[in-house]
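In: Generate coordinates for the sequence data below:
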Amino acid sequence: MSGGRFDNLFAWMDEPEAIRCLRTPADQLDIPAAQYVAATRLGAASSEASLLALLDAARFRGDDINNRLTRRKALEALGRRRDPRSLALVRPPTILRPWSMPPTVSPPWHHWTTPRLPLP
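Out: Numbering: from 1, shown residues only. Model (predicted):
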C-alpha cells in the first residue's frame, strides 16, 4: 500500500517513529495504544527494519489488552506481507503425534452409527 488515504491517516507517524514506538515498552509511552497505530502504520511499509519491528511486536509480550491488540495487528500486517520469515509467527508449527500414542479424546463413534428401527 502506498499513497492515497492511508498515508493521510498516519501522516503524523512516519516509519522510524512507528518502529521506535513498537520497540518502546507500552508502560513508558504517553499513549500505550499508539503501539497499535504503529503496527498499523508499519503494515503499509516495505522496509527490512519495519519487518523486523513487526516480527518483534508479533511475539508474546504480555496479556495486557494493548499488548494483545498490538500483537494481533502485527500478525495481520505480517500475513499481508507474505515474507517467509514471518511464517513461524503467523502459522504455528504442526505438532505430530506418534502413532503409538493414543489420542487424548476418543471420537464419538457411537454417534455415527445408524439407529436400528423396530421390526414390523
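
In: any weak-confidence spans in this structure?
Out: Residue ranges of the chain with pLDDT under 70: 1-11, 90-120.

In: Distance of Arg72 relative to Leu89?
Out: Separation of Arg72 from Leu89 (C-beta to C-beta, to the nearest Å) stands at 12 Å. In this view, the C-beta of every residue, glycine as well, is placed from N, C-alpha and C.

In: With neighbour numbers in mind, choose between these two.
Out: Neighbour totals were compared for Arg72 and Leu89, and Leu89 leads with 19 against 13 (other C-beta atoms under 10 Å).

In: Would you mind confirming that that one is in contact with Leu55?
Out: Yes: contact criterion C-beta atoms under 8 Å: Leu89 and Leu55 qualify, at 6.6 Å.

In: From Glu48, how far out is Ala38?
Out: 17 Å.

In: Likewise for Ala33?
Out: 26 Å.

In: And for Pro16?
Out: Distance from Pro16 to Glu48, counting by C-beta to C-beta: 13 Å.

In: helices or strands up against the lengthiest helix in the chain?
Out: In the chain, assigned by DSSP state H, the helix with the most residues is helix 65-81. With contacts taken as 3 or more C-beta pairs under 8 Å, 6 or more residues apart in numbering; DSSP states H and E, helix 65-81 sits against helix 34-42, helix 48-58, helix 87-90.
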